[in-house]
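[1] no FASTA, just this:
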């Protein structure tokens, strides 16, 4: 199978797309484990370099340079696209030059070419939303959620009686400048706790975030690699996170947490976890009562039994093998 041509196309950068590149990297890992040599094509910038550092990848603006995209993808066996911005014309071009066209689609964004494979790994997704798609193969549900291989089949999380360490992350970059607000409120509730902030060096407010260290026992983790990120998660008693792909990786670790929606498409994802009594929603970052809701949830999560229940439930919902199921369906 090593002679198969596999292309994964996505977009991610300083202010968007972190979840896209993370799930594409997860898929990349599985293709490699099957003895295949995939290539990632990404419209991006330096913010994603730590994620794709050890991959075969090409970085250019494939949104506008369609000719180069077609030349690279010609005669592809499996072409995967994870994009919120690709035009319908791009999908039709790729369907002509690829044996199998695969798209990640969280909300039936476009009417794709006939016989496209459509992947939606969200919780509680209704595959019926894709009834308009012609002869499509739909792989929908949390069992198809892609997380990086380092988060597969992790041991049961040991829940501590008291809160000692808290993780804060809002994606690669703090585009809403809310890490300082989250940190200060967390310290008000957990004055003795060790706060672990995960952020990219490209975040526009990185100097402000660095200055938070003077407020207490705060550690700033800049551009951690996968192993370092896993260790941070596993060491912490709970996490405060944006409501994107990171929630799925926290779930694999069994880390209870509080979710915050920092972009429009995250709220439904947060609600689906909350409906299963998993991650508790603090709300949308710019809501009037956001800080009040955050404080309420910070106080609530202190309860040991509450955290234990959430941790066990999270690890029962997601094992991390979604990318493998997808690849098995495609080969």
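    Nice, I can see it. Keep in mind it's a predicted model, so treat the numbers as computed, not measured.

[2] what about the helices in the stretch 1-150 of the chain?
    Remark: helices assigned in the stretch 1-150 of the chain by DSSP state H, counting those that start in this stretch are 18-33, 49-52, 66-73, 88-97.

[3] okay if I get those as TSV plus mean pLDDT?
    Shown next, in TSV, are the helices of the stretch 1-150 of the chain (pLDDT from 0 to 100):
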stretch	mean pLDDT
helix 18-33	91
helix 49-52	82
helix 66-73	97
helix 88-97	97
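
[4] So which of the ones you listed is nearest residue 268?
    Using C-beta to C-beta as the measure, helix 18-33 is the one of these that comes nearest residue 268, at 13.5 Å. Heads up, the C-betas are built off the backbone N, CA and C, glycines and all.

[5] what residues does the closest one touch?
    With contacts defined as C-beta atoms under 8 Å, 6 or more residues apart in numbering, helix 18-33 is touched by 6, 8, 10-12, 37-38, 40, 42, 44, 47-48, 51-52, 55, 80, 82-84, 104, 121, 145-149, 171-173, 244-246, 249, 322-324, 326-327.

[6] Which of these fall in strands?
    6, 8, 10, 11, 12, 40, 42, 44, 80, 82, 104 (DSSP state E).

[7] Roughly how far does the residue nearest to the first one when sequence neighbours are not counted sit from residue 28?
    Spelled out, that is residue 6. Spatial nearest neighbour of residue 6, excluding adjacent residues (C-beta to C-beta, 6 or more residues apart in numbering): residue 38 at 3.9 Å. As judged by C-beta to C-beta, to the nearest Å, residue 38 and residue 28 stand 5 Å apart.

[8] More neighbours: which of these two?
    Taking neighbours as other C-beta atoms under 10 Å, residue 38 and residue 28 compare with residue 28 leading, 28 against 23.

[9] Residue 58 versus the more buried one, what's the distance?
    Residue 28 is 13 Å from residue 58, by C-beta to C-beta.

[10] And for residue 186?
    40 Å.

[11] Which of those two has more residues huddled nearby?
    residue 186 (24 against 14).

[12] In this structure, what helix or strand scores lowest on average pLDDT?
    For the chain, counting by mean pLDDT, DSSP states H and E, helix 49-52 ranks last in confidence among helices and strands (a mean of 82).

[13] roughly how far is that one from the heart of the chain?
    14 Å (C-alpha atoms, centre = their mean, to the nearest Å).

[14] Not counting it itself, show me its contacts.
    Taking C-beta under 8 Å, 6+ apart as the rule, helix 49-52 contacts 21, 22, 25, 40, 42, 200, 223, 224, 225.

[15] Now do the strands in the stretch 201-331 of the chain.
    In the stretch 201-331 of the chain, the segments counted as strands under DSSP state E, counting those that start in this stretch are 218-222, 238-242, 257-261, 280-284.

[16] buried residues in the least confident helix or strand of the chain?
    Residues of helix 49-52 classed as buried: 50, 51, 52 (neighbour count, 16 or more other C-beta atoms under 10 Å).

[17] Mind putting these into CSV with distance to residue 272?
    Listed next are the buried residues of helix 49-52 as CSV, based on distance: C-beta to C-beta, whole Å:
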residue, distance to residue 272
50, 28
51, 25
52, 28
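
[18] In contact with the spatially most central residue of the chain, which residues?
    The chain has residue 245 as the residue nearest its centroid, 1.9 Å off, counting by C-alpha atoms, centre = their mean. Taking C-beta under 8 Å, 6+ apart, we find residue 245 in contact with 18, 19, 22, 23, 147.
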